[in-house]
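Engineer: need a structure here:
(one chain, ligands or ions: 1)
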Amino acid sequence: MDLCIIGSGYVGLVSGACFAEVGHHVVCVDNDPRKVEMLQRGEIPIYEPGLEDIVHRNVSAKRLRFTTSTEDGVDSSQIVFIAVPTPPQPDGSVDLSFIERVAREIAGVLKPGEYRVVVDKSTVPVKTGEKVADTIKRYNKQATFDVVSNPEFLREGCAVSDLMNPDRVVIGSSSQKATDLMKQVYEPFRAPILVTDVNSAELIKHAANSFLSLKISYINAVSAICEASGADVELVADGIGTDRRIGRNFLNAGLGYGGSCFPKDVKAFIAISKQLGVPFHLLEEVEKINGQMLTRFIDKVRSKLWVLQDKKIAVWGMTFKPDTDDVRNSVAIELINRLVAEGAQVSAYDPKGAEKAVQWKLIDSAKVRIVANPLEAVQDAEALLLATEWSEFAAQDLEEVRKRMHTPLVFDGRNLFDPQMMADLGFEYHAVGRPGR
Ligand code: UDX
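Structural biologist: Residues are numbered from 1 along each chain as shown. This next block holds a predicted model:
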């Protein structure tokens, strides 16, 4: 099929590449000419395992191309996906101005009698589909189109494999014609397809991400009870996670959730529920618990090092989770900044995220020593703080780490290491919600 994706960010670019990979002809539109030129040169603006190969392969096969022209994209496609950002506003509600602008742009280029399906793939508040349809109608009285909601559930770091093997595909549509075309798009993925009305599809995305955030905050709250009582949160998570109704996934206690989705989507769902007159107070508690995790962690560090001023502290990890270079809304970055604010001398290492953390000025490179490997970070350190569970950290020679440190004190914010092993290696080891050995 001929598909157009407007917006070449994480969701747009990976979706476009994967649609091409299964045989569709895809044109990706972005209004940033530099990004489009980069993509045309074969350079990928984000790090995502497997993405570069898929993009190159499909560009060579002439199934994938990039342009700045919405008209070109809409003209040459039966289905137009909107995958532009929906950032949060200061009050937590969703800024829909990019979606609105794209709706107007699409209206401006739709030709009379040429039917198009306009698909919202961005995460948007319930009832946005109705507004997109109204906007297109207002700006183009002759347009023949249907608006469909098709939320994307991909995770950063495994976006390609999530997209190629989705748990489910949600199609929110009130038109049989549009539903049939959407089913054809997804047919090659062989995933269960759930057809709903547009409002329900939109709600599914916010409800799913808020539920996952709730799961994380739940286990994090349990981790505090474990610390107060001497129980081990990993064992508790195994014990409750083996109940098939609960499941073990997303029960990893630690520094809390970050990234571009969960913090934003929980805030948005709180704002949406308030706007609809049915405030979802449980989610306010989810946010509160999440915020407390970093404070509790730093309190723990302070309880050992007392004053952080001038203390040499190594931080492993800057990205909001492993296998991505994304440092936006990363708890690890927040940790580094809070240590620096207290006057600590921080040496930080991350396998992929350091460059962007500096480039986007998320950390002050004059105040943080960015180093080239994990061992350099721990040289003479009085404490090592692990903030992101990269497998590279699990594979370190821990004997060597201990030898290099001034004091073998480790605070593991992601429960990556085994407490007994760390004790046997001679570390004083503190995890989240686990008793020391
Ligand atoms: C998430 C959703 O999983 C995805 O479906 C949606 O489309 C976008 O948001 P992503 O933000 O890429 O994806 O990351 P995810 O792997 O879900 O992790 C989010 C955050 O939760 C990370 O900071 C991670 O460290 C944290 N997390 C996750 C925990 O603290 N504990 C867990 O058990 C799982």
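
Engineer: what residue ranges in the stretch 301-437 of the chain are flagged as low confidence?
Structural biologist: 437 (pLDDT under 70).

Engineer: if we go to 80?
Structural biologist: 436-437 (pLDDT under 80).

Engineer: For it, which segments count as strands?
Structural biologist: 312-316, 345-349, 368-370, 383-386, 409-412, 428-430 (DSSP state E, counting those that start in this stretch).

Engineer: Kindly state the domain boundaries assigned to this structure.
Structural biologist: 2-196, 211-430 (automatic domain parsing).

Engineer: Could you dump the ones you listed into a markdown table with mean neighbour count added?
Structural biologist: Where you see a C-beta, it was placed from the backbone N, CA and C, and this is true even at glycine. What follows is the domains of the chain, written out as a markdown table (neighbours: other C-beta atoms under 10 Å):
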| stretch | mean neighbour count |
| --- | --- |
| domain 2-196 | 19 |
| domain 211-430 | 19 |
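
Engineer: and the residue of the stretch 1-150 of the chain found nearest the ligand, what does it touch?
Structural biologist: Using C-beta to the nearest ligand atom, the single residue of the stretch 1-150 of the chain nearest to the ligand is Thr123, 7.4 Å away. Listed by C-beta atoms under 8 Å, 6 or more residues apart in numbering, the contact set of Thr123 reads 86, 94, 151-152, 205-206, 209, 261, 265, 268.

Engineer: Tabulate the residues you listed (CSV), appending secondary structure.
Structural biologist: Below are those laid out as CSV (DSSP: H, G, I helix; E, B strand; the rest coil):
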residue, secondary structure
Thr86, coil
Val94, strand
Pro151, coil
Glu152, coil
Lys205, helix
His206, helix
Asn209, helix
Cys261, coil
Asp265, helix
Ala268, helix
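
Engineer: Return only those of those residues found close to the ligand.
Structural biologist: The residues of the contacts of Thr123 that also fall near the ligand, by C-beta under 6 Å from any ligand atom, are 152, 209, 261.

Engineer: if we can go back for a sec, now do the same for the residue of the stretch 1-150 of the chain closest to the ligand: helix, strand or coil?
Structural biologist: Per three-state DSSP, Thr123 ends up coil.

Engineer: can you give me the helices in the stretch 51-200 of the chain?
Structural biologist: 51-60, 70-75, 97-109, 128-139, 159-164, 176-186, 198-229 (DSSP state H, counting those that start in this stretch).

Engineer: List, one by one, the residues from this structure near the ligand.
Structural biologist: For the chain, the residues in contact with the ligand (C-beta under 6 Å from any ligand atom) are 152-156, 209, 212, 216, 250-252, 254, 256-259, 261-262, 320-321.

Engineer: about what we covered before: now render the contacts of Thr123 as CSV, adding distance to Val301 and pLDDT.
Structural biologist: Formatted as CSV, the contacts of Thr123 follow (distance: C-beta to C-beta, whole Å; pLDDT from 0 to 100):
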residue, distance to Val301, pLDDT
Thr86, 36, 95
Val94, 35, 95
Pro151, 39, 98
Glu152, 37, 97
Lys205, 36, 97
His206, 35, 97
Asn209, 30, 98
Cys261, 28, 94
Asp265, 30, 96
Ala268, 32, 96
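
Engineer: contacting residues for the residue lying closest to Ile136 once chain neighbours are set aside?
Structural biologist: Among residues not flanking Ile136 along the chain, Ala107 sits closest, at 4.4 Å (C-beta to C-beta, 6 or more residues apart in numbering). The contact partners of Ala107, taken as C-beta under 8 Å, 6+ apart, are 135-140, 143.

Engineer: Could I get the contacting residues of the residue in the stretch 301-437 of the chain that the ligand sits nearest to?
Structural biologist: Residue nearest to the ligand within the stretch 301-437 of the chain: Lys321 (3.9 Å; C-beta to the nearest ligand atom). Neighbour list for Lys321: 156-157, 258-259, 388-389 [criterion: C-beta under 8 Å, 6+ apart].

Engineer: wait, Ser200 sits on Gly172?
Structural biologist: Yes. With contacts counted by C-beta atoms under 8 Å, Ser200 reaches Gly172, the gap being 6.1 Å.

Engineer: got the phi/psi numbers for Gly258?
Structural biologist: phi -140, psi -150 (degrees, to the nearest 10).

Engineer: and if you look at the one 5 residues further on?
Structural biologist: Geometry field for Pro263 lists phi and psi as phi -60, psi -40, criterion degrees, to the nearest 10.

Engineer: I figured it hits Phe269, correct?
Structural biologist: No. Contact criterion C-beta under 8 Å: Pro263 and Phe269 do not qualify, at 11.3 Å.

Engineer: Gly317 versus Asp326, what's the distance?
Structural biologist: According to C-beta to C-beta, to the nearest Å, Asp326 and Gly317 sit 12 Å apart.

Engineer: next one: Val27
Structural biologist: 37 Å.

Engineer: One more: Gly247?
Structural biologist: Taken as C-beta to C-beta, the span from Gly247 to Gly317 is 26 Å.

Engineer: do the same with Val327
Structural biologist: From Val327 to Gly317 the distance is 10 Å (C-beta to C-beta).

Engineer: Next, show the common contact partners of these two.
Structural biologist: 350, 353.

Engineer: pretty sure Val346 is touching Ile313, no?
Structural biologist: Yes. Look at Val346 against Ile313 with C-beta under 8 Å: they come within range, at 5.3 Å.

Engineer: any residues in contact with both of those two?
Structural biologist: Joint contacts of Val346 and Ile313 (C-beta under 8 Å, 6+ apart) are Leu339.

Engineer: Appreciated, that's everything.
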